[in-house]
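Peer 1: please work out how this folds:
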Amino acid sequence: MAEDVESVPDITTQKQLIQAQIGKTMVKGQTWYLIDSKWFKSFKHYVGMDDAWDTSSGTDSHPGPIDNNPLFNDDGSGSIKENLVDELDYVLVPSESWDLLVQWYGTVDHNTAISRQVVENGVFVKHCKVEVYLLELRLCKDFNLENEIRHKFSKIDTVGHVGKTMRKLYEIPDEVETRIWYCCAPNEFNELTKEESTVQDSGLCQNQLLVIETRSEDGSWNHQTKKTLGTYPMMTNVSVSDKSSTAGPSSIMSTRFNPYSYPTENRSAPGLCGLCNLGNTCFMNSVLQCMSNCPPITKYFLNEEHLNELNEENPLGMKGEIAKAFGDLIKVMWSGRYSYTMPHNFKLQVGRFAPQFSGYQQHDSQELLTFLLDGLHEDLNRIKKKPYIELQDASGRPDKDVAKEAWDNYRKRNDSVIVDFFHGLLKSTVVCPDCSKVSVTFDPFCYLSLPLPTKKERALEVLLFHCDAAQKPTRYTVIVPKKGLIRDLVTNVGRLSSIHPDNLIVTEVTRSHFHKFYTNKDALEKIDDKDVIYIYEMPVQNDTHVILPVCLWESSPKLGFSHEQLFGDPLLIAAPRKGCTYDVLYQLVLHKLQRCLRMPDDNSSWWNTKTRRILNGDLTLSEDLPSDENDRSCSDSSDCNGELIQRRLFSFYLVTSGADCSQDIVKIHNDGNPLPFPTLEHMGQSFIAAKWVPRDRDQVFYDQSLEDIKDDQSTKSNLQTLKLKDCIELYTTREKLGADDAWYCPTCKKHQQATKKFDLWCLPRILIIHLKRFVYNRYHRDKVDRMVQYPVRGLNMSDYVINKSHLQAVYDLIGVCNHYGGLGGGHYTAFCQNQSDHKWYLFDDNCVSEIKEQAVVSSAAYVLFYMRRDSYDEEMELN
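Peer 2: Presented below is the predicted three-dimensional model:
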């Protein structure tokens with residue numbers, strides 16, 4: 001419950017207190033809390049905490065009690081949803097902030113709190129972060145999967161703690177000796193003995209199988225006495241190492257067994273080896289498959305050339321560990337012995353040097369690719385001691401000379417197989433708008449990150465509720481200016497629906513109640529693509545009527561009011577400002593609900609009860625209601641002189657959010673007098689609740705909001721297909737720098753919003769193109785799913801290269817990293833061309849299947865791998 005009004009500070013003080021706390025640095029061992037981003041956005045809007053919000057317009061709705069329910073799964077398990085994204089789905093606040101917010105605003109229920117510990121990620125590079133998702137491991141005793149138990153652990157839990165937990169779960173007496181094995185590959189187990197090692201350092205991953213083995217009274221271990229270990233195929237003929245682990249999987253893998261090994265009967269063609277998902281690691285698997293199918297790189301690692309070029313002393317490198325782990329994985333994938341493998345060691349090494357990838361949340365595959373290319377380059381850099389090189393200005397010299405100087409200087413500090421095949425050169429031209437100073441630089445790149453041409457419009461899906469309550473709501477897809485106002489939205493909806501814009505009210509609805517009322521001056525950027533926008537047609541908007549928000553409330557005898565008890569679509573009622581009695585309001589609400597009501601059977605004991613309450617006023621739906629058994633054919637209750645006596649379906653309450661965020665519930669009495677309702681401008685913190693008892697709702701309310709919707713033709717419009725050349729041309733188009741990335745002009749001695757242009761000077765043998773599908777602004781983040789047509793063969797980049805002496809730059813596609821789904825979640829796969837049979841294959845984690853070439857081009861393409869045709873001259877020798 002929230003505190004009393006007197007103890008709640010004003011919104012300015014709230015803003016100062018919370019703002020000061022959420023900017024604190026995380027410290028290992030602290031407790032932080034997750035808060036639903038939508039609720040926190042409402043809080044920031046309410047207290048004016050975020051300057052991005054224009055709090056002077058719209059209705060500054062009280063945020064109400066903290067509601068974290070959108071973060072939980074719907075199965076009632078109490079677990080949070082997978083793939084939640086920080087700042088998009090939730091925000092993190094320290095425990096002090098959480099305690100204050102709960103004191104001021106309360107919570108919708110007692111299970112709202114989601115607390116998580118701050119842990120230290122990484123081994124060589126330490127980084128504190130909140131461990132939002134715990135690691136779920138599969139546990140069993142004595143290799144018997146029939147008694148499997150799933151349990152969650154923190155990555156900082158020790159092996160000793162895991163062992164104690166397993167002993168407790170399986171009720172193993174203290175005197176019984178045990179040891180713990182982890183499944184490193186199908187039917188292969190290794191022992192964990194270093195009890196002080198953490199789950200993270202041991203390389204354990206999501207859904208990994210751990211076995212606690214007990215020693216019999218005769219001194220023998222159970223796996224030695226069983227002919228068949230378990231009843232599952234995976235547990236038969238188990239191979240168990242006789243040596244124990246003293247340093248975790250990193251040392252085990254390098255000394256006693258192949259970390260990627262699988263039974264020899266799972267043979268496949270070289271390169272057609274799937275990668276098991278270790279727990280949301282499809283982003284990593286897709287990148288590894290694309291890199292594996294870059295012929296020059298694969299040949300380099302299969303020939304073990306990397307072992308001769310390891311630079312373990314490079315302070316910018318990863319001590320050679322990334323290169324060795326990648327090389328080991330490539331050898332397994334191209335051995336032809338395995339149809340799939342588990343990249344445990346590679347994942348472990350990545351997590352050690354890049355803590356952001358150490359957990360088991362979904363990540364951006366392009367970010368992993370950037371880390372991998374940089375890590376391999378520094379691990380394999382042939383330059384042992386990088387010389388200091390002073391950069392020279394172009395000073396009007398010919399581009400050819402400046403470019404050669406830049407490339408030569410770069411190669412003096414950077415020389416690796418990654419530079420040999422993946423690095424190219426860009427020309428950057430910056431012009432000062434005041435003094436016309438021209439600055440020309442040549443910079444290396446290892447991939448092109450291309451923007452997708454976006455229109456200045458966006459498509460918003462809205463649901464229009466008509467004034468005629470019998471008419472189905474209509475769904476529209478409305479094209480509006482990205483930088484436009486709500487006025488633009490209502491104008492376009494009015495044009496599509498033939499309704500005057502002045503009669504439309506735009507709202508945002510969350511879980512059966514109004515979250516916000518928009519004004520015509522509000523910015524459309526405030527509407528996120530996932531927001532539910534309802535637009536209501538009102539018959540009149542003048543001084544004679546008042547617009548009343550009405551929500552449907554299913555009450556519980558044991559509980560007070562809660563937003564969780566609201567149901568159906570909220571209503572907007574145009575009520576007469578004068579003379580609106582209880583009965584008038586009841587009839588108006590009943591009329592609006594006519595599509596959702598179904599009359600009970602004539603013989604229903606609920607309907608024909610002897611203890612009936614009188615229905616005051618005319619019932620607008622009387623022709624659909626059953627008559628009393630003594631009433632022969634009464635189609636209109638007014639003709640029956642009051643003989644038709646039936647129960648009321650609901651009663652009215654006024655719900656007001658107080659300054660302390662408590663809900664003030666006042667029953668509205670039917671005394672025959674006009675009701676003094678506030679205006680819509682003041683209804684952001686108040687609404688009318690039509691209270692139903694559960695039995696009445698079950699009998700007559702039929703929620704057909706999902707199926708009873710009419711789709712307008714506008715919902716069938718498709719976005720225009722793009723071509724890859726459109727993205728390249730946009731990338732090389734001159735643009736004006738923004739105020740946040742202004743350029744310092746050495747002549748003017750100040751930062752200027754100069755113009756900048758990129759040009760391609762030298763292209764690499766393997767060209768990686770990243771399509772920037774994820775876009776961000778101050779209000780929301782989103783993914784662009786527009787189809788981009790890209791050639792499978794013959795991508796001619798020569799027209800885009802300004803270096804006239806450059807060789808022909810014709811490329812063929814060799815790999816595609818795909819992303820399906822929305823921002824922060826979804827799934828990654830890869831399309832790759834096998835260089836042995838030149839066929840295309842789909843790599844979907846551990847599954848590999850052949851596909852047709854035409855299927856390679858899809859709207860899911862995220863990262864493209866092209867190889868220049870002159871790079872095919874050296875054929876791979878894989879056999």
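
Peer 1: what about the strands in the stretch 401-550 of the chain?
Peer 2: According to DSSP state E, counting those that start in this stretch, the stretch 401-550 of the chain carries its strands in the segments 424-431, 438-445, 448-451, 457-465, 474-481, 504-510, 513-517, 533-537, 545-554.

Peer 1: for residue 832, find the nearest of those.
Peer 2: strand 448-451 (19.6 Å; Cβ to Cβ). Where you see a C-beta, it was placed from the backbone N, CA and C, and this is true even at glycine.

Peer 1: follow-up on the earlier one: any chance of the strands of the stretch 401-550 of the chain in JSON lines, plus distance to residue 738?
Peer 2: Output for those, formatted as JSON lines (distance: least, Cβ to Cβ, whole Å):
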{"stretch": "strand 424-431", "distance to residue 738": "14"}
{"stretch": "strand 438-445", "distance to residue 738": "18"}
{"stretch": "strand 448-451", "distance to residue 738": "14"}
{"stretch": "strand 457-465", "distance to residue 738": "20"}
{"stretch": "strand 474-481", "distance to residue 738": "19"}
{"stretch": "strand 504-510", "distance to residue 738": "29"}
{"stretch": "strand 513-517", "distance to residue 738": "29"}
{"stretch": "strand 533-537", "distance to residue 738": "29"}
{"stretch": "strand 545-554", "distance to residue 738": "40"}
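
Peer 1: these into CSV, with extra columns for mean pLDDT and mean neighbour count?
Peer 2: Below are these laid out as CSV (pLDDT from 0 to 100; neighbours: other Cβ atoms under 10 Å):
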stretch, mean pLDDT, mean neighbour count
strand 424-431, 93, 19
strand 438-445, 91, 16
strand 448-451, 94, 18
strand 457-465, 88, 19
strand 474-481, 89, 19
strand 504-510, 90, 20
strand 513-517, 85, 20
strand 533-537, 94, 22
strand 545-554, 87, 22
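
Peer 1: and of the ones you listed, who's closest to residue 78?
Peer 2: Per Cβ to Cβ, nearest to residue 78 of those: strand 504-510, 21.5 Å.

Peer 1: and this structure, what are its domain boundaries?
Peer 2: Following automatic domain parsing, one finds the domains of the chain at 5-130, 135-255, 454-539+707-721, 722-873.

Peer 1: that's a strand at residue 183, yeah?
Peer 2: Yes: assessed by DSSP: H, G, I helix; E, B strand; the rest coil, residue 183 belongs to a strand.

Peer 1: so it touches residue 209, yeah?
Peer 2: Yes: if you go by Cβ atoms under 8 Å, residue 183 and residue 209 touch, sitting 4.0 Å apart.

Peer 1: averaging pLDDT over each of the domains of the chain, which comes out lowest?
Peer 2: Between these, the lowest average pLDDT goes to domain 135-255, which shows a mean of 73.

Peer 1: and for the residue lying closest to residue 142 once chain neighbours are set aside, the neighbour number?
Peer 2: In space, and not counting its chain neighbours, residue 142 is closest to residue 222: 4.4 Å by Cβ to Cβ, 6 or more residues apart in numbering. Residue 222 has 16 neighbours, counted by other Cβ atoms under 10 Å.

Peer 1: quick one: residues contacting residue 222.
Peer 2: Residue 222 makes contact with 142, 143, 213, 214, 215, 216, according to Cβ atoms under 8 Å, 6 or more residues apart in numbering.

Peer 1: and the third one, how many neighbours?
Peer 2: In this case it means residue 213. Residue 213 has 20 neighbours, counted by other Cβ under 10 Å.

Peer 1: and it, what element?
Peer 2: Residue 213 belongs to strand 209-214 when assigned by DSSP states H and E.

Peer 1: packing partners for that strand?
Peer 2: strand 135-141, helix 159-169, strand 178-185, helix 222-225 (3 or more Cβ pairs under 8 Å, 6 or more residues apart in numbering; DSSP states H and E).

Peer 1: what about the third one, distance to the chain center?
Peer 2: Translated: strand 178-185. Relative to its chain's centre, strand 178-185 lies at 34 Å (Cα atoms, centre = their mean, to the nearest Å).

Peer 1: against which helices or strands is it packed?
Peer 2: helix 159-169, strand 188-192, strand 209-214, helix 249-255.

Peer 1: and with 10 Å instead?
Peer 2: Secondary-structure packing of strand 178-185 (3 or more Cβ pairs under 10 Å, 6 or more residues apart in numbering; DSSP states H and E): strand 135-141, helix 159-169, strand 188-192, strand 209-214, strand 239-245, helix 249-255, helix 344-353.

Peer 1: most neighbours per residue, which of those?
Peer 2: helix 344-353 (a mean of 24; mean count of other Cβ atoms under 10 Å).

Peer 1: just the angle between that helix and strand 178-185, please?
Peer 2: 100 degrees (axes from the mean of the first three to the mean of the last three Cα atoms, to 10 degrees).

Peer 1: just after helix 344-353, pick out the following helix or strand.
Peer 2: Beyond helix 344-353 in the direction of the C-terminus, DSSP H and E gives the next helix or strand as helix 365-379.
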